[in-house]
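*Asks:* pasting the sequence and the predicted model now:
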Amino acid sequence: MQSKLFNTKYILLLVALLSLIPTSHAVDRRGRLGVGFTNQLKVDIPAVSFKLQRSKSFSLSGMLAYSTSDTNGGHGAALKVYRNLFAEPQLVFYISALGGIISKKTTTTDNSGFQADLTFGSEFSFTGLQSLGFSFEFGVSFNKLDDFVAETTGNSFIVSAIHFYL
């Protein structure tokens, strides 16, 4: 038990130190709204996603998922905060934290719970197509639907998010 607490302290210290790294130059999306989709919620329903670059270092995101299906329905809503760590002309490497509520129903059960993620990720765009951002992430997820689960997570750009910046 003490070793898990010891490891958690080191992870939190690493996250705190990484948040102090200054950012560099990348595609300037400050004030631009990104609209797209994501599949990061643990209810396995694609979510509509909105992302707003608030400053050179921070972004905010929200996501909503909803399905009325009787066999695999449910809903979810989450907010996400991004801190840019490193940037190149077509790529931004970031750390993010997600917090949300989730609910999943099947023909036999209806479970509600929460999801909290701490991830590292990258959003990239292609030269000449800078209004489209593709993301992938990896990290840890803490969620509860049936039981409380702590697990590693890894999302490719197909699973994570795609945003079109207005």
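*Replies:* Cool, got the structure.

*Asks:* and the helices in this protein?
*Replies:* 2-18 (DSSP state H).

*Asks:* low-confidence ranges, it, go.
*Replies:* Across the chain, residues meeting the criterion (pLDDT under 70) sit at 1-28, 155-159.

*Asks:* ranges for the strands of it?
*Replies:* 33-38, 47-53, 58-67, 73-88, 91-105, 110-126, 129-144, 148-155, 161-165 (DSSP state E).

*Asks:* any chance of a markdown table for these, columns mean neighbour count?
*Replies:* The way it works is simple: take the backbone N, C-alpha and C, and place the C-beta from them, glycine included. Shown next, in a markdown table, are the strands of the chain (neighbours: other CB atoms under 10 Å):
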| stretch | mean neighbour count |
| --- | --- |
| strand 33-38 | 18 |
| strand 47-53 | 20 |
| strand 58-67 | 18 |
| strand 73-88 | 19 |
| strand 91-105 | 19 |
| strand 110-126 | 18 |
| strand 129-144 | 17 |
| strand 148-155 | 12 |
| strand 161-165 | 19 |
